[in-house]
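Peer 1: attaching a predicted model along with its sequence, questions to come.
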Amino acid sequence: MSPEPQRADSSAAARAAAETVTCPSCRAELPGGLRFCRLCGYRLGEGLAEYVETVRFDGMPLTPPLAPLAPFANFGGARRGVQSAGPATTALNQSDRRRKKLAPWIMWPLIGVVVVTLSGGAAVVKRFGGFRGGGGFNTPTVTRSFFGAGDFTEIDGEGVMLDSVAPGGPADTAGLRDGDIITTFDGRAMEDDDDLRGALRRTPIGKSVPVEFLRDGELKTLTLVTISPDAYDASAFVPPAGKGFWGVSSLKRVRVPGTNLHGVRLGGVSTNRPADLAGLKEKDIVVEFDGRPVRTPDGLGSYIDHAAPGTLVNVTVIRDGQRVEIPVKMGRE
């Protein structure tokens, strides 16, 4: 190139650099010839020269428009908008047909979940739920015979022991006490807690049931009448003044040495609490509470809870091999 054109180009560049433009967006003063604002990035260039024509290469297929979405019942079966000829299309159609066949079966479990949710889960509770032991102190969620026992413990080779008995319930009214070991219920042998729970489920409400049980090694028989869960009101047996209180802990079921008698050993007696003030001591074995036999920790806890605060109860304990009676003034929980 000759020197004259080079000088002409240099002069044109100098004139462009000397000129300034104002950014329409941020109003900044910028050197001429820029295509974008250095401050805000606004496009300064205008006209057809600023656009680049789309270049298409020979042999490239055109992208088809997106296919419409599949119906709601076709879960996951909507095509992604790309269709091609050949085996891929066939496989996709077969997959869609399988999903369409599966969709109605998927809907039924979803409908079931909605129905159970709207009904508060009652159907599931009635089918799979159950009131533990057929008794206890809480209101059952299933309509069936009410027994009135808090829980059961399997005694190997003997039967099923009642851990506690609800005051005023069928078992209590019939004469059963905590620690009694049921051997037969309505003529059926009871080997574990599942046997007794199954028998309670099969027993009609209001039926008179013969029961054989062991108490302190002696076999006894009685008859109890089951009731409906709604017929039992646990609150009726709790004093209006509140629950009773002793201040004892670490209760354990133990055998009284040299006898078939069981009782509840006191592992801890809190200082200046009703039990301590009455003279009860650690390692005392409680065998009676106000004339009622005490054989399990749950049973003793139930007696304490349902004794009116401020009342005086006679408690029998085994201490150093001797039988001792101690009056205890109930405290308030």
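Peer 2: Done, it's in. Numbering: from 1, shown residues only.
Peer 1: for the stretch 201-333 of the chain, just list every one of the strands.
Peer 2: For the stretch 201-333 of the chain, the strands defined by DSSP state E, counting those that start in this stretch cover 208-215, 218-225, 244-245, 248-249, 252-255, 262-265, 268-269, 285-289, 292-293, 312-319, 322-329, 331-332.
Peer 1: now those in CSV, with distance to residue 28 and mean neighbour count?
Peer 2: Just so you know, the C-beta spots here come from the backbone N, C-alpha and C atoms, and that holds for glycine as well. Listed next are these as CSV, based on distance: least, Cβ to Cβ, whole Å; neighbours: other Cβ atoms under 10 Å:
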stretch, distance to residue 28, mean neighbour count
strand 208-215, 97, 18
strand 218-225, 97, 13
strand 244-245, 83, 20
strand 248-249, 81, 18
strand 252-255, 87, 14
strand 262-265, 90, 22
strand 268-269, 83, 16
strand 285-289, 93, 21
strand 292-293, 96, 16
strand 312-319, 94, 18
strand 322-329, 92, 13
strand 331-332, 82, 16
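Peer 1: closest to residue 110 out of these?
Peer 2: Nearest to residue 110, of all those, is strand 208-215, at 44.0 Å by Cβ to Cβ.
Peer 1: list the neighbouring strands of the closest one plus their orientation.
Peer 2: strand 181-185 (antiparallel), strand 218-225 (antiparallel) (DSSP bridges).
Peer 1: looking at these, which is closest to residue 246?
Peer 2: Nearest to residue 246, of the strands paired with strand 208-215 and by Cβ to Cβ, is strand 181-185 at 26.3 Å.
Peer 1: now name the helix or strand holding residue 110.
Peer 2: Assigned by DSSP states H and E, residue 110 belongs to helix 87-118.
Peer 1: would you map out the domains in the protein?
Peer 2: 3-50, 132-231, 238-332 (automatic domain parsing).
Peer 1: residue boundaries of the helices in the stretch 151-300 of the chain?
Peer 2: 170-174, 193-202, 274-278, 297-306 (DSSP state H, counting those that start in this stretch).
Peer 1: mean pLDDT lowest where, among those helices?
Peer 2: In terms of average pLDDT, helix 193-202 trails the rest of the helices of the stretch 151-300 of the chain, at a mean of 88.
Peer 1: so, low pLDDT: which residues of the protein?
Peer 2: Residues of the chain that meet the criterion pLDDT under 70 lie in 1-18, 45-107, 113-144.
Peer 1: try it again with 90
Peer 2: 1-152, 156-157, 166-169, 192-193, 196-203, 205, 217, 226-242, 258-260, 333 (pLDDT under 90).
Peer 1: wait, residue 154 touches residue 195, no?
Peer 2: No - the criterion here is Cβ atoms under 8 Å, and residue 154 misses it with residue 195 at 9.1 Å.
Peer 1: mutual contacts of these two, please.
Peer 2: Contact criterion Cβ atoms under 8 Å, 6 or more residues apart in numbering; residues shared by residue 154 and residue 195: residue 160.
Peer 1: turn the domains of the chain into TSV, columns for distance to residue 110.
Peer 2: Shown next, in TSV, are these (distance: least, Cβ to Cβ, whole Å):
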stretch	distance to residue 110
domain 3-50	50
domain 132-231	25
domain 238-332	44
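Peer 1: check contacts around residue 243.
Peer 2: Counted by Cβ under 8 Å, 6+ apart, residue 243 has contacts 304, 305, 306, 309, 332, 333.
Peer 1: ok, now how distant is it from residue 33?
Peer 2: According to Cβ to Cβ, to the nearest Å, residue 243 and residue 33 sit 92 Å apart.
Peer 1: next up, the contacts around residue 213.
Peer 2: By Cβ under 8 Å, 6+ apart, the contact list for residue 213 reads 159, 176, 180, 181, 182, 183, 219, 220, 221, 222.
Peer 1: and it, what are its bridge partners?
Peer 2: residue 182, residue 220.
Peer 1: now do residue 313
Peer 2: Taking DSSP bridges as the rule, residue 313 bridges to residue 328.
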